[in-house]
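**Q** Fold the following for me, if possible:
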Amino acid sequence: MNSITAEKTTLSESELMALGTRAFTGLGLEPKDAHDVARILVMADLFGLSTHGLSRIESYGERLAVKGIKARPRITVEQVASAMVRVDGDNGVGPLVGMRALEAAMATAKQTGVGIAFARGSNHFGPVSPYSLIAAEAGFASIIGSNATTTIAPWGGSDARLGNSPVGFGVPNPGGKPFMLDMAISVVARAKIRNALKRGEAIPDSWATDKAGRATTDPAAALDGFLLPIGGHKGYGLALIVDMFAGLLSGAAYLTHVKSWVDAPDEPQNLGHFFILIDTRHLGSTAWLAERMNDFAAILHDSPPADASRPVLVPGEIELNNLARHRRDGLALDPAVLALLEQHAANA
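**A** Residues are numbered from 1 along each chain as shown. Take a look at the predicted model:
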């Protein structure tokens, strides 16, 4: 494909995978590891989650260059119980550690019906939804989460003590669209505020506060302040439990023990992730699950929309529709991202 329209180059999925793999190989990763990292980031782009896609080559690459992330970690998997493993990422690139933990959780769940992987020694692992889809396509329902650099003040507090920890849920639908809910605990991801700053645009005052805790529309002030959690004190509580599962129980850093990749790019973050998988084949046949999942979605879709131009959706449908469209038509990649990928790929 590889056609240029306006200022963006359109690439096919296979071209994105090849370029992403070469770029991360150029940054020092083993080719197979680079392929697994590219798989998560390309899938994010195909979902329409460009802030967590191949554009991450910039931040990942900067930290790899200063040895803040190991290009060739020795990732280990320890079986701690019949249905539970612990993964030590050895400060590897986040999506690589995430993939190894997902693979370990799937292998365990295949044997016991339920598999749990706790990962430590990791870094930013991309969005949750690519892992959810990989799990769903293999027949696993999932609950997946990670902790993150501190950007949110505790409810009633005045400084950042907890991260914008993402969490996601997935349920397979054999032959149909799986359910996928992927959400950060803040109203928006910090990357969206950074992108608004780059574009010189204001942000809604519901996204973040300045460093004094006042609502702001200035992205620069917001980046110097705090993200606002969804649902007020309820979102605060949800962020804490995600960090307890991802950071505290895994043996990783948690809350203010997590290093900032911006302030200390050359230091390990020691982020943690958790993967809780259920092998749905132990609950019933694929036909049984497909019938129930399709009925579940139909009940929701049949609700008359309040706005005729906006039909009721099931979580994951927007991302999966984007995935199908981009697989068919290709993805228009930002020129700056393409240039950086090609720069690193030249070193492979």
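
**Q** Which secondary structure state does the residue nearest to N270 when sequence neighbours are not counted sit in?
**A** Nearest residue to N270, sequence neighbours excluded (C-beta to C-beta, 6 or more residues apart in numbering): A253, at 4.1 Å. Where you see a C-beta, it was placed from the backbone N, CA and C, and this is true even at glycine. Here A253 is recorded as coil under DSSP: H, G, I helix; E, B strand; the rest coil.

**Q** got it, and the one 10 residues further on?
**A** Each residue gets one of three states, and D263 gets coil by three-state DSSP.

**Q** Run a quick neighbour tally on it.
**A** 8 (other C-beta atoms under 10 Å).

**Q** same deal with K198?
**A** That count, for K198 with other C-beta under 10 Å as the rule, works out to 10.

**Q** How confident was the prediction at it?
**A** Looking at K198, its pLDDT stands at 90.

**Q** swap in the one 10 residues further on?
**A** A208 is assigned a predicted lDDT (pLDDT) of 88.

**Q** Contacts only, for it.
**A** A208 makes contacts with S186, V187, V188, I193, A215, T216, A222, L223, G225, F226, L227, L228, as judged by C-beta atoms under 8 Å, 6 or more residues apart in numbering.

**Q** again, only this time at 10 Å
**A** 151-152, 186-188, 190, 192-193, 215-219, 221-228 (C-beta atoms under 10 Å, 6 or more residues apart in numbering).

**Q** got the buried residues for stretch 316-333?
**A** For stretch 316-333, burial by neighbour count (16 or more other C-beta atoms under 10 Å) applies to G316, E317, E319, L320, N322, L323, H326, G330, L331, A332, L333.

**Q** Of the contacts of A208, grab the buried ones for PyMOL.
**A** Those of these that count as buried under 16+ other C-beta under 10 Å are selected in PyMOL with:
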select buried, resi 151+152+186+187+188+190+192+193+216+218+219+221+222+223+225+226+227+228
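
**Q** sorry, back to before: in helices, which of the buried residues of stretch 316-333 fall?
**A** E317, E319, L320, N322, L323, H326 (DSSP state H).

**Q** Go through the residues you listed and name the one nearest R161.
**A** Using C-beta to C-beta, E319 is the member of those that lies nearest R161, at 30.9 Å.

**Q** circling back: tell me the pLDDT of the residue nearest to N270.
**A** So A253 comes in at 98 (pLDDT).

**Q** Tell me the spacing between it and K234.
**A** With the distance defined as C-beta to C-beta, to the nearest Å, A253 ends up 25 Å from K234.

**Q** The two: which has the busier surroundings?
**A** The residue with more neighbours, out of A253 and K234, is A253; 24 against 11, by other C-beta under 10 Å.

**Q** what's that one in contact with, if anything?
**A** 120-122, 147, 149, 163, 243, 246-247, 259, 268-272.

**Q** sorry, back to before: ok, so of the ones in helices among the buried residues of stretch 316-333, who is nearest F47?
**A** E319 (4.0 Å).
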